[in-house]
Structure formats: C-alpha cells, structure tokens
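Undergrad: Build me a model from this:
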Amino acid sequence: MDDLVTYGLTVFMSFFAIMNPIANTPIFLGLVEGEDKEEKKQIAKTASITAFIIVLAFIIGGKYIFKLFGITIPAFKITGGILIFYVGFEMLMSKKSKIHNNDNQEEKSNLAISPLAIPILAGPGTIVTAMNLVTETSYIHIGVVIFVFALMIFFTYLAFSLSDMIVKKVGRNLIAVIGKLMGLILAIIGTGMIIEGIKLSL
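TA: Next comes the predicted model:
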C-alpha cells in the first residue's frame, strides 16, 4: 500500500510538472480574452475532457503502439527524456515551449480542441510522461496513473475556470517563478529518464 502511495505521488509530481495548471492559466486567459465567464468555463470543460481522452488512449494502448512500431523501452525512455528535458530547459530560460504552444490563430469554435487540448494540455511531453509511467507496470499501477491524471485534469479545469481570480490573487510574477521551478523539475525528470534508458540498453 505504501508503495502505491509513493508511486501515486511520483506520478502526481510528474504530471504537475509537465502540465502545471497554474502556469498555464495566463496562457488560457490570453486565448479566451473577450469571452464571457460561462463561455470560458465551457471552453475549459471541453479542453479538459478532450485532453483526458487523448492521453487515456495512449495510457491504455501504449504497449500495443510499442509492439506495432517496434519501439524499444530504452529508446523510448532516452527519446522521451530528451524531449522532457528540452521542455524544462525552455521553461528555465523563460521561453514559451514550442511543444506546448501553438502560434497559429484558431477559430473560436475550435479553440478548446486546439491549441488548448492539443498541444497545451495533451502535448507530446504529457503523452511521453504518461506512457513512460505505464511501461513495464502492473494493471494496478496503470489504474493509479489514470486516476492521478484524471485528478490533474480536474485541477486544470478548476484553474482555468477560476483563471481571472488566480492571476489577480497570485500575481504574474509568482506564476513565473512557479513556472521556472516546474522547469527545473522537468529537466531533472528528463535527465533521469535518459540515464535509465542508457542503463537498460547496456
């Protein structure tokens, strides 16, 4: 039981670092600027549900995807580690990650799907993290990953729904500091994945 709790906390920190609901709140506000309160909530709800379905598909079907394309676990861990490290490094350098952001202007009707659900919430970094967490694990651990991710999606929905109040109370400067801390954690997680992948390949 203690092992599951520890694993659950590790999963939570991994998802929190890569998704970071608080740091993504100003991005959400910028995208939905001009919309009324109810419309913002609807966009947040659609984006959250869409992101959950996408990542859930990779969590459940990740092993079959590996077999289909002949992907080895060491190669996946090394590539995923490099990707996650890159996202964390950009956050530390105060850059908007190209993996998490989309500069193209989308129609309002598609805003919740892209760029909010993809790639801000369910971007490559989130998918890589989810699939890495369920490689060579039991069904119980996969269940923990799904539960924790659902919890993170719920927190993200709350953060987006209360975005105006959060930015006003917390302040953009503190949000920027939190973003840098999450970037450091991401870089460390990425480095760990690379080391683990190299060890498995030896």
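Undergrad: Grab the longest helix from the chain for me.
TA: helix 37-69 (DSSP state H).
Undergrad: In PDB, list the C-alpha atoms belonging to the helix or strand just after that one.
TA: Beyond helix 37-69 on the C-terminal side, the first helix or strand identified by DSSP states H and E is helix 73-92. Listed next in PDB are the C-alpha coordinates belonging to helix 73-92 (Å, rounded to 0.1, in the frame of the first residue of the first chain):
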ATOM      1  CA  ILE A  73      11.700   0.700 -24.000                       C
ATOM      2  CA  PRO A  74      15.300   2.000 -23.700                       C
ATOM      3  CA  ALA A  75      14.900   4.000 -26.900                       C
ATOM      4  CA  PHE A  76      11.600   5.400 -25.700                       C
ATOM      5  CA  LYS A  77      13.000   6.400 -22.400                       C
ATOM      6  CA  ILE A  78      16.000   8.100 -23.900                       C
ATOM      7  CA  THR A  79      14.000  10.000 -26.500                       C
ATOM      8  CA  GLY A  80      11.300  10.900 -24.000                       C
ATOM      9  CA  GLY A  81      13.900  12.100 -21.600                       C
ATOM     10  CA  ILE A  82      15.500  14.400 -24.200                       C
ATOM     11  CA  LEU A  83      12.000  15.800 -25.100                       C
ATOM     12  CA  ILE A  84      11.000  16.400 -21.400                       C
ATOM     13  CA  PHE A  85      14.400  17.900 -20.600                       C
ATOM     14  CA  TYR A  86      14.100  20.200 -23.600                       C
ATOM     15  CA  VAL A  87      10.600  21.500 -22.400                       C
ATOM     16  CA  GLY A  88      12.100  22.000 -18.900                       C
ATOM     17  CA  PHE A  89      15.100  23.800 -20.200                       C
ATOM     18  CA  GLU A  90      12.900  26.200 -22.200                       C
ATOM     19  CA  MET A  91      10.800  26.900 -19.100                       C
ATOM     20  CA  LEU A  92      14.000  27.700 -17.100                       C
END
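Undergrad: one step back: which residues belonging to the longest helix of the chain are considered buried?
TA: 40-41, 43-44, 46-48, 50-52, 54-56, 58-59, 62-63, 66 (16 or more other CB atoms under 10 Å). Bear in mind the C-beta positions are built from the backbone N, C-alpha and C, glycine included.
Undergrad: now that helix and helix 73-92, what's the angle there?
TA: 150 degrees (axes from the mean of the first three to the mean of the last three CA atoms, to 10 degrees).
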